[in-house]
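**Q** structure for the following, please:
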Amino acid sequence: MYPIGFYDVTYILVIIGVVLCLAAQSQVKSTYRRYSSVQAASGITGAEAAQRILQQSGIYDVSVARVAGELTDHYDPRTKTLRLSDSVYGRSSVAAVSVAAHECGHAVQDNVNYLPLRLRSNMVPAANICAQISWPMIFIGMVLGWNHLLIEIGIILFTAVVLFHFVTLPVELNASSRALRILDSSGILSGQENDYARKVLRAAAMTYIASAASMALQLLRLILLNRRND
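**A** Sure, this is the predicted structure:
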């Protein structure tokens with residue numbers, strides 16, 4: 001790929017990545033908003049669903065806590081804490097219960113030593129360092145007259161960040177799969193509610209897929225630019 005006039009056609013890779021991420025974010029927000037207005041027939045809240053799922057899974061060392069924000073829900077394996085956002089913790093909507101169940105899926109993964117989760121957790125420190133260093137290294141290399149050594153080191157570091165995003169995919173998809181099975185078998189949701197939960201979690205999964213694809217496209221662009229300036 002070569003620049004045309006003042007434009008660099010490799011920018012199309014960045015644009016595609018941005019469009020994918022924006023589309024996925026828009027989809028998850030609209031889907032979550034839609035099923036946040038659908039109350040679960042059981043009347044169970046996100047926090048109550050989480051507690052029930054953890055107990056049914058034989059997990060008694062994980063605490064459930066509230067965290068500020070919307071869609072800020074996460075499971076912290078270091079402190080054995082399942083944190084649910086304000087819009088999930090005390091709400092009894094299908095969306096809230098679905099998100100709570102997904103986070104419980106991570107707790108179950110941790111309990112059974114699910115390998116991809118262990119791998120991802122071990123990669124977090126290195127991935128954070130690589131994310132902080134890679135772009136400055138690439139930028140300095142470009143400023144210094146396209147210093148290929150610095151740029152290639154930056155690309156290698158950025159590759160590690162991309163790899164981290166792809167390792168995250170099976171962790172998130174598996175957590176959603178576990179959540180759907182638990183919701184169906186436990187009776188927390190019933191009938192068509194399980195179909196709604198599947199839509200909520202599928203939309204959430206697309207954000208991770210779009211993010212990984214966007215990162216891969218950025219990496220491809222960097223490789224193309226570096227080769228072009230060889």
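
**Q** give the helix, strand or coil label for the most centrally placed residue in the chain.
**A** In the chain, the centroid-proximal residue (CA atoms, centre = their mean) is residue 208; its distance is 4.3 Å. What DSSP: H, G, I helix; E, B strand; the rest coil gives for residue 208 is helix.

**Q** ranges for the strands of the chain?
**A** Along the chain, the segments classed as strands by DSSP state E run 63-67, 74-76, 81-85.

**Q** can I get these in a markdown table with mean neighbour count, mean pLDDT and distance to residue 128?
**A** The way it works is simple: take the backbone N, C-alpha and C, and place the C-beta from them, glycine included. Output for these, formatted as a markdown table (neighbours: other CB atoms under 10 Å; pLDDT from 0 to 100; distance: least, CB to CB, whole Å):
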| stretch | mean neighbour count | mean pLDDT | distance to residue 128 |
| --- | --- | --- | --- |
| strand 63-67 | 15 | 95 | 20 |
| strand 74-76 | 18 | 93 | 15 |
| strand 81-85 | 21 | 95 | 19 |
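
**Q** in JSON lines, list those along with distance to residue 173.
**A** Formatted as JSON lines, the strands of the chain follow (distance: least, CB to CB, whole Å):
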{"stretch": "strand 63-67", "distance to residue 173": "23"}
{"stretch": "strand 74-76", "distance to residue 173": "15"}
{"stretch": "strand 81-85", "distance to residue 173": "19"}
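
**Q** what's the pLDDT at the closest residue in space to the residue nearest to the centre of the chain that isn't next to it in sequence?
**A** Among residues not flanking residue 208 along the chain, residue 172 sits closest, at 4.9 Å (CB to CB, 6 or more residues apart in numbering). On the pLDDT scale, residue 172 is placed at 96.

**Q** picking up where we left off before, now for the residue nearest to the centre of the chain: which residues touch it?
**A** Counting by CB atoms under 8 Å, 6 or more residues apart in numbering, residue 208 touches 165, 168, 169, 172, 173.

**Q** if you rank those residues by neighbours, which is first?
**A** Counting neighbours by other CB atoms under 10 Å, residue 172 leads those with 21 neighbours.

**Q** gap between it and residue 165?
**A** Using CB to CB, to the nearest Å, residue 172 is found at 10 Å from residue 165.

**Q** report the contact partners of the spatially closest residue to residue 149 that is not a sequence neighbour.
**A** Once flanking residues are discounted, residue 149 sits nearest to residue 141: 7.4 Å by CB to CB, 6+ apart. Contact partners of residue 141, counting by CB under 8 Å, 6+ apart, are 147, 148, 149, 150, 151, 153, 154.

**Q** equivalent analysis for residue 14, please.
**A** Residue 14 makes contacts with 217, 218, 221, as judged by CB under 8 Å, 6+ apart.

**Q** in helices, which of those residues fall?
**A** Among those, DSSP state H puts 217, 218, 221 in helices.

**Q** want to throw those residues into TSV with pLDDT?
**A** Output for those, formatted as TSV (pLDDT from 0 to 100):
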residue	pLDDT
217	96
218	95
221	93
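
**Q** between the residues you listed, which has the most around it?
**A** residue 217 (20 neighbours).

**Q** hmm, it is touching residue 17, no?
**A** Yes: using CB atoms under 8 Å, residue 217 is in contact with residue 17, at 4.3 Å.

**Q** local confidence estimate at residue 9?
**A** pLDDT, residue 9: 80.

**Q** distance of residue 216 from residue 139?
**A** Note on residue 216: its distance to residue 139, by CB to CB, is 20 Å.

**Q** so these two - more neighbours on which side?
**A** Higher neighbour count among residue 216 and residue 139: residue 216, with 17 against 13, using other CB under 10 Å.

**Q** all set, thanks.
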